[in-house]
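A.B. asks: Compute the structure for the input listed below.
(one chain, ligands or ions: 4)
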Amino acid sequence: MASATIEKTAILSKYLDLDQRGAIIAEYVWIDGSGEMRSKGRTLSKKISSVDELPEWNFDGSSTGQAPGHDSDVYLRPVSFYPDPFRKGDNILVLAECWNNDGTPNKFNHRHEAAKLFEAHKSSEIWFGLEQEYTLFDESGKVYGWPQNGFPAPQGPYYCGVGTGKVYARDVIEAHYRACLYANITISGINAEVMPSQWEFQVGPCTGIEMGDQLWMGRYLLTRVAEEFGVKISLHPKPLQGDWNGAGCHTNVSTKEMRVPGGMKYIEDAIDKLGKRHIEHIKLYGADNDLRLTGRHETASATSFSYGVANRGASVRIPRSVAKEGYGYFEDRRPASNIDPYLVTGIICETVCGAIADADMTKEFERESD
Ligand code: ADP
Ligand code: MN
Ligand code: MN
Ligand code: MN
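C.D. replies: Residues are numbered from 1 along each chain as shown. Ligands and ions are numbered 1, 2, ... in the order given. Down below sits the predicted model:
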């Protein structure tokens, strides 16, 4: 760190120690019109112990691509909150759904519709585990740590790599991991990926709607932590053309029946249903995903559905250990790194557990372009 930066940090730390006199800061976080996150802070008079205590709030949706200028107020309705690893103490991060002035969900609020499906299928106790892959860039737009001119050596030594030249930005990843644990995110692990400066964090298993909430908050923490290091996070599914792996968000799934002996029957039944709705699912599995699902670099083709035990070139993989034991979960390898997890977990619930009258995940997505 430059000495001016160190000096500034020392000055700031004086203020961070000041007594807040019982008040807390709540940083409200939401998803904007382009799949990025936004947040703003407000003072609350006392410590919060339940989400019902959190006030509704609003923002200028015309500045975020979420509302027209003549009717710009978008409402923020808190759905969950987390200990704030940046401000610490009793301060919190608040995840909020976006609602329009006329009482309808904002066009990028896919949580509301997905939540109806999970509520209707509560008895299935559907669990998810998401593997969020992402790529680091520096402020100049170059892949973080890559040589100024040219490329690093070809892929091979980087996946779970150890040692100088084989791993990049371990500090950013470590800070994010700790921040997630502090914030009560169910982060289950991290690993360096096949392409240098590409990483993954896993969140789960989480039940139903909680999966989307936790992944979005995990992404928020990642972006904030990276900001402190001057690093940019890209969720693009194919950040670089050529012989470099793309980035996905493998989605692991199980229902109550799949997790007990005899579960394989239910896993096979679910995969059969997924195969019949391949096109509908692919539409919700992230923009530019066709650049990634090429049939190369450990992916299946976007145009056809396949599955197999321990097969990382299939659309859906049954882990070897699951096949051996006869129960457990399956992995949908199709979703891209830039998915909205509410859309993906929602349509999986719809396909596997059954459609309901007042929710339709396919229409839900079309609403975005209204
Ligand atoms: P991979 O071998 O594909 O890289 P990872 O270890 O990265 O797998 O991720 C596996 C994910 O699956 C984790 O997020 C984990 O929490 C999740 N998971 C484990 N068991 C289940 C289950 N029964 N149902 C749903 N998700 C599960
Ligand atoms: Mn993984
Ligand atoms: Mn991976
Ligand atoms: Mn995986």
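A.B. asks: Residue ranges in the protein under the pLDDT threshold?
C.D. replies: Applying pLDDT under 70 to the chain flags residues 1-3, 370.
A.B. asks: Name the single longest helix found in it.
C.D. replies: Determined from DSSP state H, the single longest helix within the chain is helix 210-228.
A.B. asks: does any bit of that one sit next to ligand 1?
C.D. replies: No - applying Cβ under 6 Å from any ligand atom, one finds helix 210-228 separated from ligand 1 by no less than 9.1 Å. Every residue, glycine included, has its C-beta placed from N, CA and C.
A.B. asks: what separates that helix from the chain centre, distance-wise?
C.D. replies: In terms of Cα atoms, centre = their mean, to the nearest Å, the centre of helix 210-228 is set 7 Å apart from its chain centre.
A.B. asks: repeat for stretch 180-200
C.D. replies: From the chain centre to the centre of stretch 180-200 is a distance of 11 Å (Cα atoms, centre = their mean).
A.B. asks: which of the residues in that stretch are buried?
C.D. replies: Across stretch 180-200, burial judged by 16 or more other Cβ atoms under 10 Å covers 180, 183, 185-187, 190, 192-200.
A.B. asks: Show me which of these is closest to residue 354.
C.D. replies: The closest of these to residue 354 turns out to be residue 186 (Cβ to Cβ; 26.3 Å).
A.B. asks: And that closest one, its phi and psi?
C.D. replies: Dihedral angles of residue 186 (phi, psi; degrees, to the nearest 10) stand at phi -80, psi 60.
A.B. asks: Please give me every residue in contact with it.
C.D. replies: 203, 204, 205, 206, 214 (Cβ atoms under 8 Å, 6 or more residues apart in numbering).
A.B. asks: for the stretch 251-370 of the chain, what spans make up the helices?
C.D. replies: Along the stretch 251-370 of the chain, counting by DSSP state H, counting those that start in this stretch, helices occupy 264-276, 278-283, 320-325, 341-353, 361-366.
A.B. asks: what does the chain put close to ligand 4?
C.D. replies: Contact residues, the chain versus ligand 4 (Cβ under 5 Å from the ion): 131, 250.
A.B. asks: Can you tell me the centre-most residue of the chain?
C.D. replies: Centroid check for the chain by Cα atoms, centre = their mean gives residue 215 as the closest residue, at 3.7 Å.
A.B. asks: quick one: contacts for that residue?
C.D. replies: 130, 132, 203, 341.
A.B. asks: hmm, back to that, now the angle from the longest helix of the chain to helix 341-353?
C.D. replies: Angle, helix 210-228 to helix 341-353, by axes from the mean of the first three to the mean of the last three Cα atoms, to 10 degrees: 160 degrees.
A.B. asks: Which positions in helix 210-228 come out as buried?
C.D. replies: For helix 210-228, burial by neighbour count (16+ other Cβ under 10 Å) applies to 210-226.
A.B. asks: Turn the helices of the stretch 251-370 of the chain into TSV, columns for distance to residue 40 and mean neighbour count.
C.D. replies: Shown next, in TSV, are the helices of the stretch 251-370 of the chain (distance: least, Cβ to Cβ, whole Å; neighbours: other Cβ atoms under 10 Å):
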stretch	distance to residue 40	mean neighbour count
helix 264-276	39	17
helix 278-283	32	17
helix 320-325	43	13
helix 341-353	22	25
helix 361-366	26	17
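A.B. asks: out of those helices, nearest to residue 95?
C.D. replies: Across the helices of the stretch 251-370 of the chain, residue 95 has its closest neighbour in helix 341-353 (11.6 Å, Cβ to Cβ).
A.B. asks: Which residue comes closest to the residue in the stretch 51-200 of the chain that ligand 1 sits nearest to once chain neighbours are left out?
C.D. replies: Residue nearest to ligand 1 within the stretch 51-200 of the chain: residue 129 (2.2 Å; Cβ to the nearest ligand atom). Nearest residue to residue 129, sequence neighbours excluded (Cβ to Cβ, 6 or more residues apart in numbering): residue 204, at 3.0 Å.
A.B. asks: Might you report the residue contacts of the one you found?
C.D. replies: 127, 128, 129, 130, 186, 188, 211, 214, 252.
A.B. asks: What is the nearest of these to residue 140?
C.D. replies: residue 130 (30.2 Å).
A.B. asks: in the sheet, who's paired with the residue in the chain that ligand 4 sits nearest to?
C.D. replies: Closest contact between the chain and ligand 4, by Cβ to the ion, is at residue 250 (3.5 Å). For residue 250, the beta-bridge assignment (DSSP bridges) gives partners residue 131.
A.B. asks: what's near enough to touch residue 347?
C.D. replies: 277, 280, 281, 284, 361, 362.
A.B. asks: who touches residue 39 in this structure?
C.D. replies: Residue 39 is in contact with 27, 28, 29, 30, 93, 220, counting by Cβ under 8 Å, 6+ apart.
A.B. asks: how about 7 Å then?
C.D. replies: Residue 39 makes contacts with 27, 28, 29, as judged by Cβ atoms under 7 Å, 6 or more residues apart in numbering.
A.B. asks: Looks to me like the last one is in a strand.
C.D. replies: Yes - Residue 29: assigned to a strand according to DSSP: H, G, I helix; E, B strand; the rest coil.
A.B. asks: How many residues are close by it?
C.D. replies: Using other Cβ atoms under 10 Å, residue 29 is surrounded by 24 other residues.
A.B. asks: Could you find the closest non-adjacent residue to it?
C.D. replies: Closest residue to residue 29 apart from its sequence neighbours, by Cβ to Cβ, 6+ apart: residue 39 at 4.4 Å.
A.B. asks: name the element that neighbour belongs to?
C.D. replies: strand 37-44 (DSSP states H and E).
A.B. asks: what pairs with that strand, and is each one parallel or antiparallel?
C.D. replies: Here strand 37-44 has these sheet partners by DSSP bridges: strand 24-31 (antiparallel).
A.B. asks: No further queries at this time; thank you.
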